[in-house]
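Chemist: Need coordinates for the following:
(2 chains)
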Amino acid sequence: MELFLQFGYGMMEHCRFLIGQWDGGVVVLSPRDLSAGQLQRLADQVHGLNGTVLLDPQIYRPTFSHGRLIKHTFWPTTGFAFGGAELSRCLTELITLNEQLNTGSIVLPGLYAERIDDDWLQNQLLILEEAQRQDVAPEMMFHTVAISSDALRNDVQVEVLLDAIRGWDVDGIYLVCQHPNSDYYVSDPGWLANCLDLIAGIRLDHKSCVVGYANHQMLIASAAGASAICSGTWMNVRSFGVEKFDTNNDEEVKQRATWYYAPHLLAEFKVQYLDLAKKVGELATLKSSPALLSPYADELFSAPQPTLAAFTEQQAFRHYLQSLRAQAQAAVQDTFDATVDSQLQQLDTARNELLRLRRLGIVGQQRDMSDAIDASRGALESLRVTRGAVLRRMWRNVAFDVV
Amino acid sequence: MPPGPHDDAFLGSRFSQLANFQFIATGGQKSVYRARNQNNESIALKIFNPGADAARFQREIDAVRGIQNDRVPRIYDFGVLSPADGGFLWLVEEWIDGESLRSKIEAHSVTDSLILQMGLDLLSVLADAEALNIVHRDVKPENILVKNVDQTCALTDFGISRHLDLSTLTQGPGGLYTCGYSPPEQFRNMTASIDARVDLFALGVTLYECVEGVNPFRDGAASAPEILLRVENTRLPTIVRQIDASGEFSQLVEAMTRTRRTHRIGSASAAYVWMQEIAAAGPR
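Modeler: Below you'll find the model as predicted:
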């Protein structure tokens, strides 16, 4: 499983730096955060660093009026008369833009679904058919599936969606799922189980599946064979909420704090809590493995006191993304069961350690995944029961197909 | 009303190319005769009441004739008797000397080798049918014949099951289905969701029953609704007794019988390839 960089506020330099460090990788461009000129410049730079770009068109609701989004020429001006001239024009513009940006594949727009029903499915099909009419090759197309948390919780709707996807002649699905209650971590086992089910169903249908707007909780998507998860800097690109595409509210800028990600604990901590860990002799417990190849947080562990280290927001983000990429790439094991077991073991280790640290007063506050670990475990076990036989059989194809 | 049995004079006058009629069985809306054709080969003559939609029935029979597989009795001819003769539909098909799988299960004479052979034969048929977008809709032990000559298996009543055998099928809002073999999308009348996975489910349950000797959806159930509830709310247990050298057979059955269709193996052709590997490894 790969990590793609989900572009968001403050990501420009991180993209250039990390793609350069990795000598490759994929950036999912965000028209919400980039003007046409910036899109082009960043795409050119990423290509120059051996990277690839995808463009998330972000037409989750055509009526949205985010200031930067509506300035793009592909943005629908009439709220999308589906099947009509405006859809055709929108796709023509998007195809042209993708050509200019030299994207690896074209991500087709997909409306945000409060529920999976006939109208929504028909609109998805109309978009796909229009792209086909404009001669976009199936192997070049990803279709966006953007759904609400209620839709994802609903077993029947997920099954209907999977049946529909079987009929879409596309290379892959760009899957974005609203988190319940706008939570950073999902503690609803049904949501997570159906998310894994959806990913596995897409992969077993021989389509790539790129999970947008993800955080480290979605490392479990490796057990479902996800091709990639996408993540970025601020919380609003690590979990999906549709409302951010309707306003100009860059709230993350006002809520800045520097967090250190402890990969093996699946938790982030404010640096002040690392001071506390040092006081009680537990700082080494929080240090990430050298195998993750992230030098960006080393200062925290060599300084006399973590808060005295020059650990910047920039380093925090780079450490997060570097660590998450290494975890994602290491998540897939030779067999389906080994992958599930590995994820379960990671969750159990995290839970035990977080509990122990909590007793010492060292907490990740809202970035501590403890309350969501049971849900993640449940989702993995559910996947094993419902799809284990098929995934065991198809694992080589599902987990090792290159995006 | 069952179409028959008819006497030899009636049959001889309506089917002049056939001779030596031997009544075999009648039930539901079907009567079966064994006869000889002009080449002196045994054939099966089936006469049945197709209900109101004879035209649709004929279209389906025509489609089924496209399945070129030795494990499906060949249909030589079919037609409709005159209204004066009851308007019954008839078809002449290959006669197979054999025993129904149901009777073999009841006689406890299903060997592990036979189970593997049946899995192979039936999945071969379902894969061919899938390629033609044909769904049997009523795979079950009663519709599987084990040939006397070589212990290979054939799937009978392709394309007609849903029109026939009201004695064994349940008429629900979703049409006809067999309790304990039909998956939820079939008895829930989700017509757009009916595809090869329906047959895979039913065959998987049948294979399970052959190995473990019982259909757990039906076993001890007091009523048809109870069976349907079991199908919808429980999963078929994992096969305990290993019958194959590869150890994969129970996994294949599991992959065929998940309650939700999207959890099942995606196609009959994929299941067939898997079964070929299992059969090649042989019985345990």
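Chemist: Show me what the host helix or strand of A:Glu93 is packed against.
Modeler: When secondary structure is defined by DSSP states H and E, A:Glu93 falls within helix A:85-101. Helix A:85-101 sits against helix A:36-48, strand A:52-55, strand A:106-108, helix A:118-133, with contacts defined as 3 or more C-beta pairs under 8 Å, 6 or more residues apart in numbering or on different chains; DSSP states H and E. Using the backbone N, CA and C atoms, a C-beta is placed for each residue, glycine as well.
Chemist: Same list as before, those that is, but in a markdown table and with mean pLDDT, distance to B:Glu94 and mean neighbour count included.
Modeler: As requested, the helices and strands packed on helix A:85-101 are arranged in a markdown table below (pLDDT from 0 to 100; distance: least, C-beta to C-beta, whole Å; neighbours: other C-beta atoms under 10 Å in any protein chain shown):
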| stretch | mean pLDDT | distance to B:Glu94 | mean neighbour count |
| --- | --- | --- | --- |
| helix A:36-48 | 97 | 64 | 16 |
| strand A:52-55 | 97 | 56 | 24 |
| strand A:106-108 | 97 | 50 | 24 |
| helix A:118-133 | 95 | 43 | 17 |
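Chemist: Out of these, the one nearest chain B is which?
Modeler: Between chain B and those, the shortest separation by C-beta to the nearest C-beta is 10.5 Å, and it involves helix A:118-133.
Chemist: For the closest one, which outside residues touch it?
Modeler: When contacts are defined by C-beta atoms under 8 Å, 6 or more residues apart in numbering or on different chains, helix A:118-133 is touched by residues A:82-83, A:87-88, A:91, A:95, A:106, A:108-111, A:113, A:138, A:141, A:143, A:145, A:160-161, A:164, A:168-170.
Chemist: CA atoms only: put stretch A:256-267 into CSV for me.
Modeler: Coordinates of each C-alpha in stretch A:256-267 appear next as CSV, following Å, rounded to 0.1, in the frame of the first residue of the first chain:
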residue,chain,number,x,y,z
ARG,A,256,-2.1,25.6,15.2
ALA,A,257,-0.2,23.3,17.5
THR,A,258,2.8,21.1,17.0
TRP,A,259,2.2,17.5,17.4
TYR,A,260,4.7,14.6,17.4
TYR,A,261,3.5,11.4,15.8
ALA,A,262,4.5,8.2,17.6
PRO,A,263,4.0,5.7,14.7
HIS,A,264,4.1,2.6,16.8
LEU,A,265,1.5,4.0,19.2
LEU,A,266,-0.8,5.3,16.4
ALA,A,267,-1.0,8.5,18.4
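Chemist: buried stuff in it?
Modeler: Buried positions in stretch A:256-267, judged by neighbour count with 16 or more other C-beta atoms under 10 Å in any protein chain shown: A:Thr258, A:Trp259, A:Tyr260, A:Tyr261, A:Ala262, A:Pro263, A:His264, A:Leu265, A:Leu266, A:Ala267.
Chemist: between the residues you listed, which is nearest chain B?
Modeler: Comparing those against chain B with C-beta to the nearest C-beta places A:Leu266 closest, at 27.8 Å.
Chemist: so the closest one touches A:His216, yeah?
Modeler: Yes. A contact is recorded between A:Leu266 and A:His216 when judged using C-beta atoms under 8 Å, the distance being 5.6 Å.
Chemist: Now the common contact residues for these two.
Modeler: When contacts are counted by C-beta under 8 Å, 6+ apart, the set common to A:Leu266 and A:His216 consists of A:Met369.
Chemist: what's the neighbour count on residue 99?
Modeler: I'll assume chain A. Neighbourhood size, A:Glu99 [other C-beta atoms under 10 Å in any protein chain shown]: 10.
Chemist: Correction: the question concerned chain B.
Modeler: Going by other C-beta under 10 Å, the residues that sit close to B:Glu99 add up to 16.
Chemist: Now for B:Ile96: which residues touch it?
Modeler: B:Ala44, B:Pro73, B:Leu145, B:Lys147, B:Ala154, B:Thr156.
Chemist: Nearest to chain A among these?
Modeler: Of all these, the one with the least separation from chain A (C-beta to the nearest C-beta) is B:Ala154, at 27.2 Å.
Chemist: re earlier: which of the contacts of helix A:118-133 are buried? Put it as a ChimeraX command.
Modeler: Typed into ChimeraX, the next command selects the buried ones out of the contacts of helix A:118-133 (criterion: 16+ other C-beta under 10 Å):
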select /A:82,87,91,95,106,108,109,110,111,113,141,143,145,160,161,164,168,170
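Chemist: secondary structure element for the residue of chain A found nearest chain B?
Modeler: Per C-beta to the nearest C-beta, A:Ala389 is where chain A lies closest to chain B, at 3.9 Å. When secondary structure is defined by DSSP H and E, A:Ala389 falls within helix A:370-400.
Chemist: before we move on, back to that, which pair of the buried residues of stretch A:256-267 spans the longest distance?
Modeler: Put simply, by C-beta to C-beta the two of these set farthest apart are A:Thr258 and A:His264, 19.8 Å from each other.
Chemist: returning to what we had before: would you mind giving the buried residues of stretch A:256-267 as a markdown table with pLDDT and distance to B:Ala280 added?
Modeler: Formatted as a markdown table, these follow (pLDDT from 0 to 100; distance: C-beta to C-beta, whole Å):
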| residue | pLDDT | distance to B:Ala280 |
| --- | --- | --- |
| A:Thr258 | 88 | 60 |
| A:Trp259 | 92 | 55 |
| A:Tyr260 | 96 | 55 |
| A:Tyr261 | 96 | 49 |
| A:Ala262 | 96 | 49 |
| A:Pro263 | 96 | 44 |
| A:His264 | 96 | 44 |
| A:Leu265 | 96 | 47 |
| A:Leu266 | 95 | 44 |
| A:Ala267 | 95 | 49 |
